[in-house]
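[1] Here you go, sequence then predicted model.
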Amino acid sequence: RIQILFEVMVDSENIEVKVVSNKAAQEPAPPPYTDFDPNHGTKEVKKDKEEKRERWGNHIEFILASIGLAVGTGNVWRFPYLAQKNGGGAFLIPYGLMLLIEGLPLFYLELAIGQRFQKGFLKIWDEIRPYFKGIGIGQLIVSLQMTAYFPMVMCWCMYYFYLSFSDPLPWTQCHGDEGNISESCCRGDESKYYWYYETLKVTQTIEEPGDFVPSIVICWFLSWFFTYICLFKGIKSSGKAAYFTATFPYFVLICLFFRGVTLEGAGQGVKVLFTPDFKRLGDPTVWVDAAGQIFYSLSVGFGALILFGSYNNVKNNCSRDAMIIALVNCGTSVFAGIVVYSVLGFREHKTGVKVENVEGGPGLAFIAYTTAVAEMPLPQLWAAAFFFMMVLLAIDSEFGTIEATIGPLRDYEFFRRIKKELLCLIVCVFLCVLGLPMSLEGGLYIFTLWDTFSVALPLVFIGIIECVAVSWFYGLDRFCGDIEHMTGGQPHIYWRICWKFVSPILITVVLIASLVKMLIKAPMYPAFVGCEKFPVSDQFAGSENWVEKVPYPDWSRFIASIMVALPIIPIPVMAIKNWKKPVRPIVHPDEA
């Protein structure tokens, strides 16, 4: 039954009669909403803003930012050293296998899960199952631990880039306090002298922190300033920065390649890198090193890939992107190895220092490479090019990892109330202060402690739980259906087998092998002892490499244990806490 409501609207000229239904009479329609009405629709507008997700400016920005995240200084100074140490060309066999059955499947999984859910990793794991919320917390903590120490690499590279404009290059000679040749500078070891005595002013052991080194402190603050400038607008600013920071290093690397392979002795260096020693393949350590390098190099487990994928359109072909980015990363490692070892071959030709006499990490870049560059024509040019490339590689990796700590927080209302620029500033300042002790004279030891323990083991553990959570709880069939929805095709059976069985089993083996290795042999660090002729003190004899492996003291092992445990503990804690919570139906954004 319809009741008739007569509404009389009287004005100076006529009378208007409206007929309204009973429903309308009981629930009068709201007045028209306009953006200028401050008292209407506030809640609805806020919800719309919450659901609107940031997007990459275009697909190229995503590809470049992801390549910049994966390709870092480790491709230049860690992979070549591991290859030479673990059988040369033979190392490419375990490296390639680990890429196919460990690296690529996890890389693909993280990009796909982020793109499908369109959220940060903190909310994704909570939605899959409440008891997996700890995975996201662990990824957040490991990203914070990574970003607390990694900028020191950029800091050192910035300082050496500045020094590269000196004539002569400062690491080509060593002077004492009065400008005379220092006794501590053994013949032919000028680069080592400058690195340890002038740049770091390093103390002898980790138990001697020393004072702050002014030049390193300045570069430390500068590195964080540049990081903030490129990040404060989120992916809108970091995506644009990637056009330069992700591409220019390749231009420099290509230039260094052509210069390196034309140097005398370059062939000997490349031969050392790729000459296979198949006997080394019987050593389990070689396989563990290959797995660890793949895991670390591809930036799997940090959550940054999940976040980057969530900024893509749901219909983006994430399987193609995963192949491109992962293969470019690993190809860069091999290419960088040729560049570095061609220069080391030249160093052997000029100075007699064997190509094999090199350490991975900072030693390769700041000692071995600088020695070789000093012998080249136009040494300032090639030194500046190399260290500028290293700065860009470091800052690009830093972008993605810090974004991985900020982006997921903004999925929560509390953090959305804070301006993005302010939240980024708070995170950067916190991490800058946290890592400042690495600018001490004993800072190299703090850096080594963080680098050894804060990332590697937690990432491997998180990788195992990721595979289990997606394949066995979210459901492999459902996940493959998600990929079909996004790309138009089901993933190959190869990926299904890797996700459900091969990858988690293999990563578990790597984790157990790493733990056994640590338990069998006490963790050690390289203490500075000086050269054989002039040791630093009577406590240790001098060494050809100027360092001697000594056990970590108890307090540092305790700190190392905390760094390993912090990202891992939330996973079992949240599993126990939320085990009985009901599983909520998962509704993806494009299904709502």
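    Structure's in. What do you need? Numbers count the residues shown, from 1 in each chain.
[2] Just want the phi and psi numbers for residue 536.
    phi -70, psi -40 (degrees, to the nearest 10).
[3] dump the residue contacts of it.
    184, 204, 528, 529, 530, 542 (C-beta atoms under 8 Å, 6 or more residues apart in numbering). Bear in mind the C-beta positions are built from the backbone N, C-alpha and C, glycine included.
[4] which one of those sits closest to residue 503?
    Residue 503 lies nearest to residue 528 out of the contacts of residue 536, by C-beta to C-beta, at 40.3 Å.
[5] ok, now which ones touch the closest residue to that closest one other than its chain neighbours?
    Leaving aside its sequence neighbours, residue 528 sits nearest to residue 202 (C-beta to C-beta, 6 or more residues apart in numbering; 4.9 Å). Residues in contact with residue 202 (C-beta under 8 Å, 6+ apart) are 196, 441, 442, 444, 528.
[6] how about the one helix or strand residue 222 maps to: buried residues?
    Secondary structure assigned from DSSP states H and E places residue 222 in helix 214-231. Using 16 or more other C-beta atoms under 10 Å as the test for burial, helix 214-231 gives 215-217, 219-220, 222-224, 226-228, 230-231.
[7] what's the angle between the helix or strand just after it and helix 214-231?
    Beyond helix 214-231 in the direction of the C-terminus, DSSP H and E gives the next helix or strand as helix 235-245. If you take axes from the mean of the first three to the mean of the last three C-alpha atoms, to 10 degrees, helix 235-245 sits at 120 degrees to helix 214-231.
[8] what's the average pLDDT for helix 235-245?
    Helix 235-245 comes out with an average pLDDT of 85.
[9] who does whatever helix or strand comes next after it touch, helix- and strand-wise?
    Counting by DSSP H and E, the next helix or strand C-terminal to helix 235-245 is helix 248-261. Contact partners of helix 248-261 among helices and strands, from 3 or more C-beta pairs under 8 Å, 6 or more residues apart in numbering; DSSP states H and E: helix 318-351, helix 379-406.
[10] can you give me the angle the first one makes with helix 248-261?
    Right, the one you point to is helix 318-351. Interaxial angle of helix 318-351 relative to helix 248-261 (the same axes, to 10 degrees): 40 degrees.
[11] ok so, going back, most neighbours among the contacts of residue 202, which one?
    Comparing the contacts of residue 202 by number of neighbours (other C-beta atoms under 10 Å), residue 444 comes first, having 25 neighbours.
[12] pLDDT score assigned to the residue nearest to residue 528?
    For residue 202, pLDDT reads 94.
[13] where's it relative to residue 529, distance?
    Distance from residue 202 to residue 529, counting by C-beta to C-beta, to the nearest Å: 11 Å.
[14] ditto for residue 363
    Applying C-beta to C-beta to residue 363 and residue 529 gives a distance of 14 Å.
[15] Nearest spatial neighbour of residue 410, chain-adjacent residues omitted?
    The shortest distance from residue 410 to any non-neighbouring residue, by C-beta to C-beta, 6+ apart, is to residue 416 (5.7 Å).
[16] What of residue 284?
    Spatial nearest neighbour of residue 284, excluding adjacent residues (C-beta to C-beta, 6+ apart): residue 513 at 6.0 Å.
[17] any chance you could map the strands in the stretch 1-150 of the chain?
    Applying DSSP state E, counting those that start in this stretch to the stretch 1-150 of the chain gives strands spanning 7-10, 15-18.
[18] Least confident of those, on average?
    strand 7-10 (a mean of 36).
[19] Adding distance to residue 343, write the contacts of residue 536 out as CSV.
    Below are the contacts of residue 536 laid out as CSV (distance: C-beta to C-beta, whole Å):
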residue, distance to residue 343
184, 26
204, 31
528, 25
529, 27
530, 26
542, 27
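[20] Make TSV out of those and add secondary structure and distance to residue 132.
    As requested, the contacts of residue 536 are exported to TSV (DSSP: H, G, I helix; E, B strand; the rest coil; distance: C-beta to C-beta, whole Å):
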residue	secondary structure	distance to residue 132
184	coil	54
204	coil	46
528	strand	44
529	coil	47
530	strand	51
542	coil	52
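[21] Tell me the one of the residues you listed nearest residue 521?
    residue 529 (20.2 Å).
[22] quick revisit: what would the buried residues of helix 214-231 look like in TSV with distance to residue 460 and pLDDT?
    Shown next, in TSV, are the buried residues of helix 214-231 (distance: C-beta to C-beta, whole Å; pLDDT from 0 to 100):
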residue	distance to residue 460	pLDDT
215	36	96
216	31	97
217	34	97
219	32	96
220	29	97
222	33	95
223	28	94
224	29	95
226	31	91
227	27	91
228	31	92
230	30	84
231	28	85
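[23] just these now: which is nearest residue 350?
    Among those, and counting by C-beta to C-beta, the member closest to residue 350 is residue 215, at 28.6 Å.
[24] Residue 111 versus the closest one, what's the distance?
    40 Å.
[25] hmm, back to that, for burial, what's the neighbour tally of the residue nearest to residue 284?
    Residue 513, neighbours per other C-beta under 10 Å, totals 16.
[26] for residue 489, same thing?
    If we define neighbours as other C-beta under 10 Å, then residue 489 has 11 of them.
[27] just the CA coordinates of stretch 476-494, formatted as PDB?
    The C-alpha coordinates for stretch 476-494 follow below in PDB (Å, rounded to 0.1, in the frame of the first residue of the first chain):
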ATOM      1  CA  LEU A 476      48.700 -24.100  -3.900                       C
ATOM      2  CA  ASP A 477      45.600 -24.600  -6.200                       C
ATOM      3  CA  ARG A 478      44.200 -21.300  -5.000                       C
ATOM      4  CA  PHE A 479      47.600 -19.500  -5.500                       C
ATOM      5  CA  CYS A 480      47.900 -20.900  -9.000                       C
ATOM      6  CA  GLY A 481      44.400 -19.800  -9.700                       C
ATOM      7  CA  ASP A 482      45.400 -16.300  -8.500                       C
ATOM      8  CA  ILE A 483      48.300 -16.300 -11.000                       C
ATOM      9  CA  GLU A 484      46.000 -17.400 -13.800                       C
ATOM     10  CA  HIS A 485      43.600 -14.600 -12.900                       C
ATOM     11  CA  MET A 486      46.500 -12.100 -13.100                       C
ATOM     12  CA  THR A 487      48.500 -13.400 -16.100                       C
ATOM     13  CA  GLY A 488      46.000 -15.400 -18.000                       C
ATOM     14  CA  GLY A 489      47.700 -18.700 -17.600                       C
ATOM     15  CA  GLN A 490      48.400 -21.300 -14.900                       C
ATOM     16  CA  PRO A 491      52.000 -21.600 -13.700                       C
ATOM     17  CA  HIS A 492      54.000 -24.600 -15.000                       C
ATOM     18  CA  ILE A 493      54.100 -27.800 -13.000                       C
ATOM     19  CA  TYR A 494      57.700 -27.100 -12.300                       C
END
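[28] Could you pull up the mean pLDDT of it?
    95.
[29] Pull the residues that contact that stretch.
    Stretch 476-494 is contacted from outside by 108, 112-113, 115-116, 314-320, 470-471, 496, 499-500, 588, using C-beta under 8 Å, 6+ apart.
[30] at 6 Å instead, please
    The contact list for stretch 476-494 (C-beta atoms under 6 Å, 6 or more residues apart in numbering) reads 112, 116, 314, 315, 317, 319, 470, 500.
[31] do stretch 346-359 as well
    Contacts of stretch 346-359 (C-beta under 6 Å, 6+ apart): 188, 263-266, 269, 272, 344-345, 364, 368, 371-372, 375.
[32] related to what we said a few turns ago, now, of the helices and strands packed on helix 248-261, which is deepest in the fold?
    Ranked by mean neighbour count, the helices and strands packed on helix 248-261 are led by helix 379-406 with a mean of 24 (mean count of other C-beta atoms under 10 Å).
[33] Thanks a lot, see you next time.
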